[in-house]
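>>> heads up, no residue letters with this:
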């Protein structure tokens with residue numbers, strides 16, 4: 001008698017619970033793109049842009065002189081970060097980890113901005129060993145400007161997180177194109193008037209020679225970079241991007 005009652009109670013509980021607090025159901029159809037070009041680009045950049053966004057937030061949340069615990073947590077969470085440096089208010093490096101990095105700074109890093117108005121800026125240093133992107137932000141001693149925190153990484157290391165790294169292209173407008181073996185005309189991509197294009201657009205498709213590329217802009221602080229990939233179907237229409 002107890003077994004029957006218990007089984008009935010258990011069944012009734014599950015039925016009632018599903019009615020009051022239904023189990024979550026993910027509607028995968030609502031995430032489908034109508035444009036195969038954007039779908040391809042989204043799949044390529046999702047594993048890349050997620051960690052980048054997390055790093056931006058991590059650095060942006062720091063407005064005082066960081067300590068060793070902050071550094072340890074940074075390196076543990078973002079193993080693709082190559083270097084961390086801290087300057088004084090004059091721009092002199094007072095701390096750098098590692099002290100002897102594999103890639104030396106090729107040119108002085110110049111972060112130009114009014115630090116009361118700007119929290120994040122980027123500088124890309126181009127050396128013989130490849131690009132190194134630095135995300136920089138100010139830190140303060142009470143209300144006084146203390147100096148800058150810089151976090152550097154090779155953007156190609158981040159691109160390796162993509163499911164198909166060779167298909168992904170990242171453009172530093174007016175300066176360089178980053179890829180991991182993509183068959184791309186870098187000079188032609190840089191010749192695109194990105195400055196004018198980005199005034200009104202945040203995504204789209206461009207033709208370079210006989211190829212078409214689907215692209216999406218990405219802000220890091222106030223600076224813009226561009227994710228791109230060769231289009232699957234240049235004639236495809238429709239958009240899923242939420243903007």
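Okay, I see it. What you are looking at is a predicted structure, and each value in this text was computed from that prediction instead of being measured. Numbering: from 1, shown residues only.
>>> Going by C-alpha atoms from here, please, whenever you check contacts or count neighbours.
Noted.
>>> Residue 56: neighbour count?
The local packing of residue 56 (other CA atoms under 10 Å) involves 16 other residues.
>>> Any regions of this structure where pLDDT drops low?
Within the chain, the segments meeting pLDDT under 70 span 1-33, 99-118, 239-243.
>>> what are the ranges of the strands in it?
81-87, 93-97, 121-127, 130-141, 144-153, 169-172, 176-179, 203-208, 211-220, 223-230 (DSSP state E).
>>> If we go by neighbour counts, what in the fifth one is buried?
Put plainly, it is strand 144-153. 145-153 (16 or more other CA atoms under 10 Å).
>>> Is it possible to get CSV of those that adds distance to residue 86?
As requested, the buried residues of strand 144-153 are exported to CSV (distance: CA to CA, whole Å):
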residue, distance to residue 86
145, 13
146, 10
147, 7
148, 6
149, 5
150, 6
151, 9
152, 11
153, 15
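>>> ok, residue 218 - how many residues close by?
Residue 218 has 16 neighbours, counted by other CA under 10 Å.
>>> which residues touch the residue lying closest to residue 195 once chain neighbours are set aside?
Nearest-residue entry for residue 195: residue 173, 7.6 Å, with adjacent residues in sequence omitted and distances by CA to CA, 6 or more residues apart in numbering. The contact partners of residue 173, by CA atoms under 8 Å, 6 or more residues apart in numbering, come to 190, 194-195, 224-226.
>>> ok so, going back, let's have the strands of the chain in CSV, adding distance to residue 75.
Output for these, formatted as CSV (distance: least, CA to CA, whole Å):
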stretch, distance to residue 75
strand 81-87, 7
strand 93-97, 10
strand 121-127, 19
strand 130-141, 15
strand 144-153, 10
strand 169-172, 24
strand 176-179, 24
strand 203-208, 32
strand 211-220, 20
strand 223-230, 24
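>>> and the angle from the longest helix along the chain to strand 203-208?
Ranked by residue count under DSSP state H, the longest helix found in the chain is helix 36-60. Interaxial angle of helix 36-60 relative to strand 203-208 (axes from the mean of the first three to the mean of the last three CA atoms, to 10 degrees): 120 degrees.
>>> For helix 36-60, buried residues please.
In helix 36-60, counting by 16+ other CA under 10 Å, buried: 36-42, 44-45, 47-49, 51-52, 55-56, 59-60.
>>> I'm done for today, thanks for sticking with me.
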